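Trainee: missing the sequence, but the structure's below:
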C-alpha cells in the first residue's frame with residue numbers, strides 16, 4: 001500500500017477485525033498520511049496500542065480523531081522497545097484465540113446443519129416415511145368422520161410453526177455473540193434465511209389476477225384502459241377520418257407497443273396492458289396508420305372512415321333509379337337543344353335583307369377625340385344661310 005498510494009492522506013479502518021497491530025508498519029512509506037482510524041478493531045484493545053502506533057508512524061498527526069502532540073510522540077519513541085515487545089506477545093495470544101474461535105464456529109455450523117437434517121427426518125418419520133404426527137397420515141373423509149377438522153389442525157400447526165420461528169429468531173438475537181468474522185457471517189446467513197422465508201410467504205399470498213375481459217360472450221366490445229393512459233379521440237370530418245392520440249410513455253421503446261385496428265374498435269397493448277376503445281363510426285383497418293411523435297412520444301393512430309355503407313336492399317334500387325332519371329334528363333335536354341337549333345334558321349319570306357340604317361340609328365358611338373367637335377355645313381333652308389359665290393362648294 002505504501003508504494004501504490006503515495007498521496008494517501010487519510011485512512012479509515014474502523015471495525016475491520018484487525019488483530020495484528022504490527023501490520024501497520026506497511027504504512028511507513030506513506031509519507032503524506034496524516035490521519036488514521038483503527039477504533040473498533042481487536043488491536044485497539046491492546047495495552048500500549050496508541051504509543052506503538054504513534055512511534056511507528058511518525059508522519060501521523062491524528063489517531064482515532066485525537067490529535068498527536070509533540071510530547072506524546074517523544075514519550076512514545078522513548079518507550080518504543082518495551083511497547084513493541086508487549087504488542088508482540090498480545091498478537092500471539094490473539095492468534096491462538098482466533099484459531100479456537102474458528103474451530104468453534106465450524107463445529108456450531110456442522111451441528112446446525114445436522115439439527116436441520118434431523119428436523120426434516122423427524123417430519124417425514126423413520127426411513128423417510130411420514131410420521132404419525134404428520135397431517136398427511138390422516139384418513140380420508142370416507143374412512144373417518146372427523147376429517148372435517150383437518151383444516152383446523154392445519155391452521156393450528158401453521159400457528160405453532162410461526163410461534164416457534166419467532167421464538168428462534170428472538171433467541172438468536174438475544175444470544176451473546178463474539179466480535180469475530182464468523183459471528184458476522186452467521187448474522188448475515190440468519191438474515192438471508194428470514195428474507196427467503198418472507199419471499200415465499202409473499203409468493204403464496206400473491207393472487208394471480210384473472211385476464212381482463214375485452215369482449216363479452218355476447219360479442220360486445222368493452223372500453224378498457226388498464227394502462228391508465230391519457231388519450232384524445234378526434235373526428236376529422238375534413239379528411240374523413242378518426243384520429244386517436246394516446247399519451248404513451250415518452251421514453252418507452254416502440255417494440256413494447258402493439259396496435260390492432262378493427263372496423264369498430266381499436267386495441268393498443270402497452271407493455272402487455274390493454275387499451276381498447278370503441279369507435280363512433282366504421283373505419284378501414286387496411287388504410288389505417290400508426291406513428292409516434294418524436295417530441296412527446298405520443299402514439300397517433302389515423303383511421304379513415306368507410307365512405308359508403310349499404311345497410312338495406314332498397315338503396316341500390318334508388319341508386320339505379322337516380323341513374324336512369326339522370327340519363328333521361330340528359331336525352332331530353334339534348335333533344336330540346338336540337339329543336340332550338342332548328343328554330344334559329346332565318347325565314348327568307350319575312351326577312352330579305354338586314355336593315356343596316358336602323359342599326360346605326362339605334363346605337364351611336366361617342367367620339368373619342370378630346371378636341372372640339374367638327375363643324376357641319378349649314379343647310380340652305382336655314383334662315384341664317386348666306387350664299388357667297390366666292391366660296392367654293394363643299395364636297
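Mentor: Happy to help now that I have it. Model, not experiment: these values are computed from the prediction. Numbers count the residues shown, from 1 in each chain.
Trainee: list the buried ones in stretch 211-231?
Mentor: 221, 224-225, 227, 229, 231 (16 or more other CB atoms under 10 Å). No exception for glycine: its C-beta is placed from N, CA and C like everyone else's.
Trainee: What are the contacting residues of it?
Mentor: Stretch 211-231 has contacts (CB atoms under 8 Å, 6 or more residues apart in numbering) with 244-248, 264-265, 267, 270-271, 273-278.
Trainee: Repeat that for stretch 166-179.
Mentor: Residues contacting stretch 166-179 (CB under 8 Å, 6+ apart): 17, 42, 101, 183, 186-187, 190, 194.
Trainee: Now the buried members of those.
Mentor: Buried among these by 16+ other CB under 10 Å: 42, 101, 186.
Trainee: before we move on, back to that, pull out the buried members of the contacts of stretch 211-231.
Mentor: 244, 246, 248, 265, 267, 270, 274-277.
Trainee: Mark out where each domain of this structure begins and ends.
Mentor: The record assigns the chain these domain ranges, following automatic domain parsing: 1-132, 154-204, 224-304.
Trainee: Mind picking out the helix or strand in this structure with the poorest mean pLDDT?
Mentor: Evaluated with mean pLDDT, DSSP states H and E, the helix-and-strand set of the chain has its lowest mean pLDDT in helix 315-343, which scores a mean of 54.
Trainee: quick one on the thing from earlier: the buried ones among the contacts of stretch 166-179 in helices, which ones?
Mentor: Counting by DSSP state H, the buried ones among the contacts of stretch 166-179 place 101, 186 in helices.
Trainee: Using CSV, please lay out the buried ones among the contacts of stretch 166-179 together with distance to residue 88.
Mentor: Below are those laid out as CSV (distance: CB to CB, whole Å):
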residue, distance to residue 88
42, 15
101, 21
186, 31
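Trainee: between the buried ones among the contacts of stretch 166-179, which is closest to residue 385?
Mentor: Nearest to residue 385 among those, counting by CB to CB, is residue 186 at 154.5 Å.
Trainee: And the pLDDT for the closest one?
Mentor: Each residue has a pLDDT score; the one for residue 186 is 82.
Trainee: hang on, it packs against residue 106?
Mentor: No: Residue 186 sits out of contact with residue 106 when judged by CB atoms under 8 Å, with a separation of 11.5 Å.
Trainee: Can you tell me what sits against stretch 32-46?
Mentor: With contacts defined as CB under 8 Å, 6+ apart, stretch 32-46 is touched by 6-21, 24, 27, 49, 52-53, 57, 59-65, 86-87, 90-91, 94, 179.
Trainee: List the buried residues in that stretch.
Mentor: 33-34, 36-38, 41-44, 46.
Trainee: State the mean pLDDT of that stretch.
Mentor: What stretch 32-46 shows for mean pLDDT is 91.
Trainee: what's the first-to-last distance across that stretch?
Mentor: Terminal residues of stretch 32-46 lie 26 Å apart, using CA to CA, to the nearest Å.
Trainee: quick one on the thing from earlier: the domains of the chain: which one's closest to residue 210?
Mentor: So among the domains of the chain, domain 224-304 is nearest, using CB to CB, at 12.5 Å.
Trainee: any idea where the helices of the protein begin and end?
Mentor: Counting by DSSP H, the helices of the chain are 49-56, 70-78, 80-124, 150-174, 181-205, 315-343, 356-362.
Trainee: weakest of these in terms of mean pLDDT?
Mentor: Within the helices of the chain, the stretch with the lowest mean pLDDT is helix 315-343, showing a mean of 54.
Trainee: related to what we said a few turns ago, which two of the buried residues of stretch 32-46 have the greatest separation?
Mentor: 34 and 42 (24.7 Å).
Trainee: who touches stretch 180-187?
Mentor: So stretch 180-187 is contacted by 17, 98, 101-102, 105, 109, 177 (CB under 8 Å, 6+ apart).
Trainee: Spatially, which two of those are the most separated?
Mentor: Pairwise over those, using CB to CB, the maximum falls at 17 and 109, 18.2 Å.
Trainee: wait, which of the contacts of stretch 166-179 is closest to residue 79?
Mentor: Nearest member of the contacts of stretch 166-179 to residue 79, counting by CB to CB, is residue 42, at 22.1 Å.
Trainee: Next one: residue 174 from residue 168, what distance?
Mentor: 11 Å (CB to CB, to the nearest Å).
Trainee: err, residue 265, not the other one
Mentor: Residue 265 is 58 Å from residue 168, by CB to CB.
Trainee: and what of residue 102?
Mentor: 25 Å.
Trainee: again with residue 185
Mentor: For residue 185 relative to residue 168 (CB to CB), the value is 18 Å.
Trainee: Kindly state the pLDDT recorded for residue 10?
Mentor: On pLDDT, residue 10 comes in at 93.
Trainee: Okay, and the beta partners of it?
Mentor: Following DSSP bridges, residue 10 is listed with bridge partners residue 35.
Trainee: That one: what's it in contact with?
Mentor: Contacts of residue 10 (CB under 8 Å, 6+ apart): 33-36.
Trainee: Please apply the same query to residue 75.
Mentor: Per CB under 8 Å, 6+ apart, neighbours of residue 75: residue 51.
Trainee: how close does it sit to residue 285?
Mentor: Between residue 75 and residue 285 the computed distance is 93 Å (CB to CB).
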